[in-house]
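Colleague: Based on what follows, work out the 3D shape:
(chains A and B)
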Number of protein chains: 2
Amino acid sequence: MEQRDEHDIEIEGMLLGRKEMEKKGSEMSEKEFTAMMMREPLLRNRINNTSQIAIVGTKVCPIESLDYEIVENDLFKQDWRSRTKVEIFQYVVLKWTLALLIGLGTGFVGFFNNLAVENIAGFKLLLSNNLMLEDKYYQAFAVYAGCNLVLAIAAAALCAYIAPAAAGSGIPEVKAYLNGVDAHAILAPSTLFVKIFGSIFGVSAGFVVGKEGPMVHTGACIASLLGQGGSHKYHLTWRWLRYFKNDRDRRDLITCGAAAGVAAAFRAPVGGVLFALEEAASWWRSALLWRTFFTTAVVAVVLRAFIEFCRGGNCGLFGKGGLIMFDVNSAMAVYSTPDLLAVIFLGIIGGIFGSLYNYFVDKVLRTYSIVNEKGPSIKILLVITISLLTSCCFYGLPWLSSCTHCPDYLKDQCPTIGRSGNYKNFQCQPRHYNDLASLFLNTNDDAIRYLFSSGTEKEFHLSTLLIFFVTMYCLGIITYGIAIPSGLFIPVILAGASYGRLVGTLLGSLSNLDVGLFALLGAASFLGGTMRMTVSLCVILLELTNDLLMLPLVMLVLLVSKSVADCFNKGVYDQIVTLKGLPYLETHAEPYMRHLVASDVVSGPLISFSGVEKVGNILHTLKMTKHNGFPVIDEPPFSAAPELYGLVLRSHLLVLLKGKKFTKQRVMTGSDILRTFNAFDFAKAGSGKGVKLEDLDIKEEEMEMYVDLHPITNTSPYTVVETMSLAKAAVLFRELGLRHLLVVPKTPGRPPIVGILTRHDFMPEHILGIHPHFGHHK
Amino acid sequence: MEQRDEHDIEIEGMLLGRKEMEKKGSEMSEKEFTAMMMREPLLRNRINNTSQIAIVGTKVCPIESLDYEIVENDLFKQDWRSRTKVEIFQYVVLKWTLALLIGLGTGFVGFFNNLAVENIAGFKLLLSNNLMLEDKYYQAFAVYAGCNLVLAIAAAALCAYIAPAAAGSGIPEVKAYLNGVDAHAILAPSTLFVKIFGSIFGVSAGFVVGKEGPMVHTGACIASLLGQGGSHKYHLTWRWLRYFKNDRDRRDLITCGAAAGVAAAFRAPVGGVLFALEEAASWWRSALLWRTFFTTAVVAVVLRAFIEFCRGGNCGLFGKGGLIMFDVNSAMAVYSTPDLLAVIFLGIIGGIFGSLYNYFVDKVLRTYSIVNEKGPSIKILLVITISLLTSCCFYGLPWLSSCTHCPDYLKDQCPTIGRSGNYKNFQCQPRHYNDLASLFLNTNDDAIRYLFSSGTEKEFHLSTLLIFFVTMYCLGIITYGIAIPSGLFIPVILAGASYGRLVGTLLGSLSNLDVGLFALLGAASFLGGTMRMTVSLCVILLELTNDLLMLPLVMLVLLVSKSVADCFNKGVYDQIVTLKGLPYLETHAEPYMRHLVASDVVSGPLISFSGVEKVGNILHTLKMTKHNGFPVIDEPPFSAAPELYGLVLRSHLLVLLKGKKFTKQRVMTGSDILRTFNAFDFAKAGSGKGVKLEDLDIKEEEMEMYVDLHPITNTSPYTVVETMSLAKAAVLFRELGLRHLLVVPKTPGRPPIVGILTRHDFMPEHILGIHPHFGHHK
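Modeller: This is a model prediction of the structure:
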């Protein structure tokens, strides 16, 4: 029982009548309580494996719902009344300051990440390249694979031991957070630390992973950290930040952070805003658009300043690379019908490959999650395996490719001696280069830039492109899911670009378009096929390549590939959200919900408190259950008949009990409590903080005293009648971002509340568990 | 009384108990009914002038709320159950077909508009220019002013006599529609017709008006027309379109249409999507983003195809102009701190001027609305006055400017003989040009292009820019509000660009930035100051000028000017919405609403029906009141105690009565009705269509018969308890896009419903009318 409850944060329906509770009071032992609950098994017990826990990173974690409802209790009302104009001004100033700080922080981290990757990976490649030039092939491989392995182990160790939540892309978790699901430690400082350094090591280690997803997660972490205002432990909390200690304002900050992350990863400020809007956020309003835009603008300015600084050669191996900005010179503003047909074809095949990619990623993730559960050392072993495999592929496959004579117009630049440049000598004679090695033994960013380059039709063999495409496609699939921070954008772009270039080369003279442009369109088709974003991808690609004229082509290919892929499965992020067991609320209610009513899924009567309740009862209930909200029922003498006064939150009860404003008599002491407490005492603390049950020290004599719950009870909880269509209740729940939705009886003469609906109750797994006959309707 | 009701579409609260109604039944005469209602005056009667009517265009019109709630009655449930996979597929295909058609239609109209304007205005300018060259100055003025006058009268006559709703920008009305307010005839075919031709004539007449706002309105009209599926009268209705006969799907279509309008006006597909998102739409979801994007992409492709076609010289005077695409060649990617300071300064002053613009526009609109109420002929007189004033300014002011010698590098292009080109000879000697005439005697698009041009620092006198700025600023203000379709973008861009260029010229060598870039930034600052959009403006300007490198500067100036202007007043569109009396629901509840509860604004018990109701009663009630929703109360013998069964809509009642499924006895005949009717019989008809009260032909003996309301009653209306905080009820109402929100009693033993809240009840004017003491809180 205890085991179940531990992760069962959001269960609200329990078979314990108010009367029964009252009678037994605090003298009921834990055993009796448990036994009593076991007599009438919970409806929910039967379908236990729905959504109380989630796999976050590579670890199973309890999850918590967020609450975007405005609490309307006496205490908060008093606070609003007393809030001065100065305080409102403070709030506005602080809001914008935080947006500025998020922008600065994310911009800095984004630049630092790039700088570190370019230098580490650059040094590694330089080292092995130099050995190659001396024909020391085995040593070169040893150095290359060794460096990769060390970096991979560093990244994996950070992830496995310090913050398992930092593994993976992070975008699904951020998306779930913005939908109202807080998985433990997903935005913690340790996660931020591991995400930054793990991503640097992981990308430098030559894995087929990107830094874009991790950057989004990093941005969200920075925003969360700034909103929480440093650490209580080190007295770094800023008093003003109390305004932001609620889920609503925190959500806004994290939306800004996610947008800033994209802006930093792609140097795409508008794209960042659109990404946050299209993919990340579940709730949106105009005012937020404006603030998010400000944040991403700051990121753009910060990056610009740093790049200006580096232009002077102050940044080691950080050259043109790093912050990807692909100058695709399409020059071709005109295109004909065959070109359009080619683009549509590209889109269709891209959509199919994209959805297949999602399918395989899902399968691989399921396999890995079993492997990863076996402990940190197994996790690291898996990373080592993949790292060695990657090194072998990258170093071994180029031997299959024949050497090409350097183009004449490139005098000293081919073959490339040193790091930057696209013509790797590898095993070839002087004045020749190996085109496959030029793709494999390069940073991912440089490989993409090379594939996108125009006027280079003749520089790749068909076989090279095919080998590179297949390798990247497969490695991308098996790499995602190992215990390192790993973005999905870059693998998909790499596979897509080589596929596009392959198609472009095959079509040859049938199309007027440049093969570089084909590579870009191929990348777009793959991105559309896996991620299913449209406007934001379009704008990101636009900002990456700085060429407005090919916007219609990119649009077309995205539309086609997304439409095709949507026929097969969901977007990759949605798939991962589902896989991880995060209870994501969809915008639309499922069709079968229309045939159910609210009372069909609500589970029996539940624990409620009286307006003035015995301390012992409260404490006992809090100990016995993990519910987060309890209805408060006014009874005679406080009202003529039992009536619903409102809803009280667990966190607020804990603060109230800690304050110890108890009375011997059962009387209302509201005004006294209003004097003692401040609304900010009840503000939501950061995850893992706040008053806990163990912190309370209630004496035996206090257990028999009473406490007035009226001042802290939310008097305006949203309610639905029990006969309300479940679909409409779900819309209400989702649109308003609720945590608790009270179900009230339709007919008079019954207890004033039937039950509480929570996020859990709207999950298809839960509903179809209770009503399996709807399963085939779906 | 009757007068009040006529416009009082959304009033729901009337003092007529169910019992009283029952007793008196149909034998109660109209007089008695009215007298009874007069005995207890409606709370609302006291504050009559809130929001039942609106000024749409230049005419006072009744308005209607839209209903985005999903009706969950037995009939619709039966329909969902029977809906096949084929039908769902049909719906999806049709959805995309409609998006395609909207894109094609709007693209075509956008091109046609430009083509017509360029040719008409070009011909006019050519004519007067040729006379000028022969030194026939008076004749030239007569021709110029005469052409303007004729075109102006044509536009005004169309507006005044055919579709008054087509006057003005149209964006506020579209914005209000997407917020749930349907003003009469705002999307009618006649409005579309007048909007297209009125805009062409108005812009050609040389008014300081744009075609961008009208294009948005045109796009929305096209979408609405396509969604309604042609005319019933001419049997053009397409059967499949029945799926779209509801406010929800219509809203989506019109959002697409509005986006398509912006895309067509600016050739900015991404900007169009963002405009719809940031400014137009009140509700948004990811799926819509995707569909809107598709529509704007189609518009972009259509425009591209037409322009390709015109490049061959097939389009008369349609040259480079028309679809504005300003090639600002900034070339300057680098800027220093003084430049940034200059930009911030530009933004601050732009913000102040922008908010002043809004202030004056508001004042002028209020004055004009009094003038315009006096009848169509007065409206036309006003248009004539403004037209003559504009002609005088445009032709007279250039005489103040001295002549400039043509730059040497322009050989044959200066002075311009013929239409296109920026160097007007006007009164000057050969090889000289008049810079002020070059701005005034040109199309607005060409003037903007000239102001934005780079490398032309020396071509304008300071006095020229000052005169042009002041003229455009003032004319822009007094022109908006006359009875022609008039966009606000172009006047604001014209004033802003000349202001920016003026500042740039004044700063001279203090800043490295080009004056053309300054003109662009000035335009941005004015746009930010008046319209208060950020991301969408930024992207539109980006797409207009095709230069990503100045994105940070545009962002900065927009941020500054919007922030400054927000200190003074609301955005111009919001201001117009308020002025027109359109009951726009804000996203956020006003602070004072937190101190009120739902029952504080609800007005008394109301008319309700029994589950099986007497036909006479229904007919009488429908005749007597203009309510759109009635609660249905089940009473014994159909239930143990009176209980709320649901809400029935006026439009559904009318359809039911028309079907005449009456019974002599008071029995439930639900299944019979379910067999007779189809869910689509109850689909919402286009505005002005659908069954009307006058269409019913109920015989005397049928009046005493009964009809079962259960099958058509929405069994899941959203409800709030009477003690619910008004702020939270407002959030519920706004977020879910409701039309009726039922207020239920808290304590048992009372009638099962307290009242109904409608859009009207959440308007600040209404609430502050009942509770004036909150006025100063605001």
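Colleague: which helices and strands sit right next to the longest helix along chain A?
Modeller: Looking across chain A with DSSP state H, the single longest helix is helix A:85-133. Applying 3 or more Cβ pairs under 8 Å, 6 or more residues apart in numbering or on different chains; DSSP states H and E, we find helix A:85-133 packed against helix A:137-157, helix A:189-204, helix A:212-228, helix A:247-266, helix A:286-311. C-beta here means a position set from N, CA and C on the backbone, and glycine is covered the same way.
Colleague: tell me the angle it makes with helix A:212-228.
Modeller: 150 degrees (axes from the mean of the first three to the mean of the last three Cα atoms, to 10 degrees).
Colleague: Now helix A:85-133: average pLDDT?
Modeller: The pLDDT scores in helix A:85-133 average 88.
Colleague: ok now that helix, how far from the chain's centre?
Modeller: 19 Å (Cα atoms, centre = their mean, to the nearest Å).
Colleague: go on, stretch A:147-162?
Modeller: Chain-centre distance of stretch A:147-162: 22 Å, with Cα atoms, centre = their mean.
Colleague: Tell me which residues are up against it.
Modeller: With contacts defined as Cβ atoms under 8 Å, 6 or more residues apart in numbering or on different chains, stretch A:147-162 is touched by A:57-58, A:120, A:124, A:127-128, A:166-167, A:190, A:193-194, A:197-199, A:201-202, A:204-207, A:376-377, A:379-380, A:383-384, A:386-388, A:390-391, A:482-485.
Colleague: now do stretch A:278-289
Modeller: A:68, A:171, A:174-175, A:178-180, A:216, A:251-252, A:255-256, A:258-259, A:273, A:277, A:531, A:533-536, A:573, A:585, A:587, A:737, B:277-279, B:284, B:286, B:289, B:534-535, B:587.
Colleague: make it 6 Å
Modeller: A:174-175, A:178-179, A:252, A:255, A:258, A:277, A:533, A:535-536, A:737, B:278, B:286, B:289, B:535, B:587 (Cβ atoms under 6 Å, 6 or more residues apart in numbering or on different chains).
Colleague: Pull out the buried members of these.
Modeller: Applying 16 or more other Cβ atoms under 10 Å in any protein chain shown to the contacts of stretch A:278-289, the neighbour count classes A:174-175, A:178-179, A:252, A:255, A:258, A:277, A:533, A:535-536, A:737, B:278, B:286, B:289, B:535 as buried.
Colleague: So, low pLDDT: which residues of the stretch 151-300 of chain A?
Modeller: A:229-240 (pLDDT under 70).
Colleague: List, one by one, the residues from it near chain B.
Modeller: Applying Cβ under 6 Å from any Cβ of the partner chain, one finds that the stretch 151-300 of chain A approaches chain B through A:270, A:273, A:278, A:285-286, A:289-290, A:293-294, A:297, A:300.
Colleague: okay, among those, which ones form the most distant pair?
Modeller: A:285 and A:300 (23.1 Å; Cβ to Cβ).
Colleague: which of the two has more neighbours?
Modeller: residue A:300 (24 against 13; other Cβ atoms under 10 Å in any protein chain shown).
Colleague: Wait, the more buried one touches residue A:269, no?
Modeller: Yes. Using Cβ atoms under 6 Å, residue A:300 is in contact with residue A:269, at 4.4 Å.
Colleague: anything in contact with each of the two?
Modeller: Contact with both residue A:300 and residue A:269 is made by no residue, according to Cβ under 6 Å, 6+ apart.
Colleague: Write out the residues of the stretch 601-750 of chain A neighbouring chain B.
Modeller: Counting by Cβ under 6 Å from any Cβ, the residues of the stretch 601-750 of chain A that sit close to chain B are A:643, A:716, A:724-725, A:728, A:735-736, A:747-748.
Colleague: Which residues does stretch A:96-104 contact?
Modeller: Here stretch A:96-104 makes contact (Cβ under 6 Å, 6+ apart) with A:222-223, A:226, A:256-257, A:260, A:291, A:294-295, A:298-299, A:302.
Colleague: That stretch: which residues count as buried?
Modeller: Neighbour counts over stretch A:96-104 (16+ other Cβ under 10 Å) mark A:98-99, A:101-104 as buried.
Colleague: What is the nearest of those residues to residue A:634?
Modeller: Of the buried residues of stretch A:96-104, the one sitting nearest to residue A:634 (Cβ to Cβ) turns out to be residue A:98, at 40.4 Å.
Colleague: still on that earlier bit, please spell out the PyMOL selection for the buried subset of the residues of the stretch 601-750 of chain A next to chain B.
Modeller: Those of those that count as buried under 16+ other Cβ under 10 Å are selected in PyMOL with:
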select buried, chain A and resi 643+716+724+725+728+735+736+748
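Colleague: Nearest approach to residue A:427 belongs to which of the helices and strands packed on helix A:85-133?
Modeller: Residue A:427 sits nearest to helix A:137-157 of all these, at 7.2 Å, using Cβ to Cβ.
Colleague: helices or strands next to whichever helix or strand comes after that closest one in the packing?
Modeller: Sequence order places helix A:171-179 as the next helix or strand after helix A:137-157, per DSSP states H and E. Packing partners of helix A:171-179 (3 or more Cβ pairs under 6 Å, 6 or more residues apart in numbering or on different chains; DSSP states H and E): helix A:212-228, helix A:572-579.
Colleague: Output the ones you listed in CSV, with mean neighbour count appended to each entry.
Modeller: Below are those laid out as CSV (neighbours: other Cβ atoms under 10 Å in any protein chain shown):
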stretch, mean neighbour count
helix A:212-228, 29
helix A:572-579, 21
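Colleague: so which of the ones you listed comes closest to residue B:407?
Modeller: Closest to residue B:407 of the helices and strands packed on helix A:171-179, according to Cβ to Cβ: helix A:212-228, at 49.1 Å.
Colleague: Quick one: residues in contact with that closest one.
Modeller: For helix A:212-228, using Cβ under 6 Å, 6+ apart, the contacting residues are A:98, A:101-102, A:105-106, A:109-110, A:169-171, A:174, A:187, A:191-192, A:195-196, A:199, A:244, A:250, A:253-254, A:256-258, A:260-262, A:264-265, A:485, A:487-489, A:686.
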